[in-house]
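In: predicted model and sequence follow; I will ask about them next.
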Amino acid sequence: MEDRPRTISTTSSTYTVSFSSRSYDRAFLKTLPGLLMIAEIVLGLLVWILIASTEYFSVSAFGWVMFVAVFYWVLTVFFLIFYITMAYTKIPQVSWTTVGLCFNASAALLYLLASIVDAVSINQAGEGTHNYNCWVASTIFAFMVTLCYSGNTYLSFQTWRARDQGP
């Protein structure tokens with residue numbers, strides 16, 4: 001495929017779109033936000049795998065925990081791919097610092113609530129059973145994911161504040 005810019009004209013404006021297969025940012029994975037996103041993906045995956053491997057449907061509260069875990073896991077994978085491929089540079093009209101701040105803050109809050117629900121619901125299983133052990137582990141990992149999203153929220157806030165205050 002040819003890597004040359006294409007010009008697109010509409011009745012109101014003209015803009016150039018570049019289709020390059022080489023625009024990706026591996027360095028993002030070495031930054032603190034990138035490392036936190038990887039941790040969120042791994043720990044979030046553990047949360048929903050541990051719950052999904054049990055009879056979670058017998059305790060309705062785990063439906064909420066599963067929703068939060070799977071929903072934010074999918075979105076975090078999406079944002080990681082979005083940042084690595086630098087797709088956000090193709091859409092400069094969107095305030096990505098604000099989007100990142102809102103995403104991380106909502107994830108931290110909802111994961112905190114899901115972690116608490118997870119912890120409170122553990123007593124529904126008998127101690128030492130497969131369900132009990134998995135639910136305890138999922139609670140620990142859910143609180144760890146909450147810490148990761150909280151850290152990313154703080155970093156997103158710092159970036160957002162620096163961007164809005166300007167030089």
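Out: The structure has been received and is ready for your questions.

In: which strands and helices lie in contact with the strand or helix carrying residue 141?
Out: Using DSSP states H and E, residue 141 sits in helix 130-165. Where contact means 3 or more C-beta pairs under 8 Å, 6 or more residues apart in numbering; DSSP states H and E, helix 130-165 is packed against helix 32-52, helix 61-84, helix 96-121. To be clear about C-beta, it is placed using only N, CA and C from the backbone, and glycine gets the same treatment.

In: indicate which one of those is closest to residue 143.
Out: Closest to residue 143 of those, according to C-beta to C-beta: helix 96-121, at 4.8 Å.

In: now that closest one: buried residues?
Out: 96-97, 100-101, 103-105, 107-108, 110-112, 114-115, 117-119, 121 (16 or more other C-beta atoms under 10 Å).

In: show me the one of the helices and strands packed on helix 130-165 that comes nearest residue 149.
Out: Nearest of the helices and strands packed on helix 130-165 (C-beta to C-beta): helix 96-121, 3.9 Å.

In: how about the helices and strands packed on helix 130-165 in TSV, adding mean pLDDT and distance to residue 151?
Out: Below are these laid out as TSV (pLDDT from 0 to 100; distance: least, C-beta to C-beta, whole Å):
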stretch	mean pLDDT	distance to residue 151
helix 32-52	96	5
helix 61-84	95	13
helix 96-121	95	9
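
In: what sits against the residue nearest in space to the middle of the chain?
Out: With distances taken as C-alpha atoms, centre = their mean, the residue of the chain nearest its centroid is residue 76 (2.6 Å). Listed by C-beta atoms under 8 Å, 6 or more residues apart in numbering, the contact partners of residue 76 are 37, 40-41, 44, 107.

In: for those residues, work out which two are farthest apart.
Out: The largest separation in the contacts of residue 76, counting by C-beta to C-beta, is between 41 and 107 at 11.8 Å.

In: what about the closest residue to residue 55 other than its chain neighbours, neighbour count?
Out: Of all residues not flanking residue 55 in the chain, residue 131 sits nearest, at 6.0 Å (C-beta to C-beta, 6 or more residues apart in numbering). For residue 131, the neighbour count with other C-beta atoms under 10 Å is 19.

In: residue 40 and residue 150 touch, don't they?
Out: No - with contacts counted by C-beta atoms under 8 Å, residue 40 stays clear of residue 150, the gap being 10.6 Å.
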